[in-house]
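Student: make a model of this:
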Amino acid sequence: MTKHQTRRALRRVQKGASLLEGIAYLGIAAIVVIGAIALLNTAFSSANSNELNSELSAIQTASRKLFMTTQGNYGATDFTATLIAAKGFPQTLTTDAANGTVADAWGGSVTVAPVAADNTKFTITYTNVPPDVCVNALTSTTTGWLQVVGPGSATAVVPPISPGSAKTACGNAAGSVVWTSS
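Tutor: The predicted structure follows:
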């Protein structure tokens, strides 16, 4: 066999990647995909928290506007259906005018009702809020709210809310968060 023939034989053998190189490539690709998914989940959580705070502000403003002529007397019954009829809920929430219900991004409900003991205040309740969204939403809750009660604690917290207090109020499972406004 000549030198030229030996080189040709070696070239044929060395074409493509070895099995180990292929496994290494797939391993690196898996790490990149897992990292991208983790970043995507964090981005969605942050976006959901921002959306929730925006929705709360819109509902609070619409509720105050709806009862402006009654000088802050929010009545004695849930006014979610009335707020739906007045187009007081943002389009990011799913409203059902026929049933008078509103659904949030997590499949829970959203209700707006006066505080039973003091009808000059009202509550906005979101159910089924995930803990990560709850913590971010509570730490972003402004001083325009009187108090917030999360699913992890029956004790109300007053804004501004620290991350530690938000974590305690939100607990470790999805649940109801109740904001109180005047």
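Student: okay, Val33: pLDDT?
Tutor: Looking at Val33, its pLDDT stands at 81.
Student: distance from the chain centre to the helix or strand that contains Val112, please.
Tutor: Taking DSSP states H and E as the definition, Val112 sits inside strand 110-115. Offset of strand 110-115 from its chain centre (Cα atoms, centre = their mean, to the nearest Å): 19 Å.
Student: packing partners of it?
Tutor: helix 19-66, helix 80-85, strand 101-103, strand 118-129 (3 or more Cβ pairs under 8 Å, 6 or more residues apart in numbering; DSSP states H and E). The way it works is simple: take the backbone N, C-alpha and C, and place the C-beta from them, glycine included.
Student: tabulate the ones you listed (a markdown table), appending mean neighbour count and distance to Val110.
Tutor: Formatted as a markdown table, those follow (neighbours: other Cβ atoms under 10 Å; distance: least, Cβ to Cβ, whole Å):
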| stretch | mean neighbour count | distance to Val110 |
| --- | --- | --- |
| helix 19-66 | 13 | 8 |
| helix 80-85 | 19 | 7 |
| strand 101-103 | 18 | 4 |
| strand 118-129 | 19 | 6 |
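Student: wait, which of those is closest to Ser153?
Tutor: strand 118-129 (13.9 Å; Cβ to Cβ).
Student: so what touches the closest one?
Tutor: 52, 56, 59-60, 63, 72-76, 79, 104, 106-115, 137, 146, 151, 170, 174-182 (Cβ atoms under 8 Å, 6 or more residues apart in numbering).
Student: show me the residue sitting in the middle of this protein in space.
Tutor: In the chain, the centroid-proximal residue (Cα atoms, centre = their mean) is Asn48; its distance is 3.3 Å.
Student: confirm Ala154 sits in a strand?
Tutor: No. Under DSSP: H, G, I helix; E, B strand; the rest coil, Ala154 falls outside any strand and is assigned coil.
Student: where's Ala47 relative to Ser176, distance?
Tutor: Relative to Ser176, Ala47 is positioned 21 Å away (Cβ to Cβ, to the nearest Å).
Student: buried stuff in the strand holding Val112?
Tutor: Val110, Thr111, Val112, Ala113, Pro114, Val115 (16 or more other Cβ atoms under 10 Å).
Student: beta partners for the first one?
Tutor: Going back to what we said before, that points to Val110. Tyr126 (DSSP bridges).
Student: I'd like to know how many residues surround the closest residue to Gln147 other than its chain neighbours.
Tutor: The shortest distance from Gln147 to any residue other than its chain neighbours is 3.9 Å, reached at Ala156 (Cβ to Cβ, 6 or more residues apart in numbering). Other residues near Ala156 number 13, with proximity taken as other Cβ atoms under 10 Å.
Student: quick one: contacts for Ala156?
Tutor: Ala156 touches Gln147, Val148, Val149, Thr180, counting by Cβ under 8 Å, 6+ apart.
Student: that's all I had, so thanks and see you.
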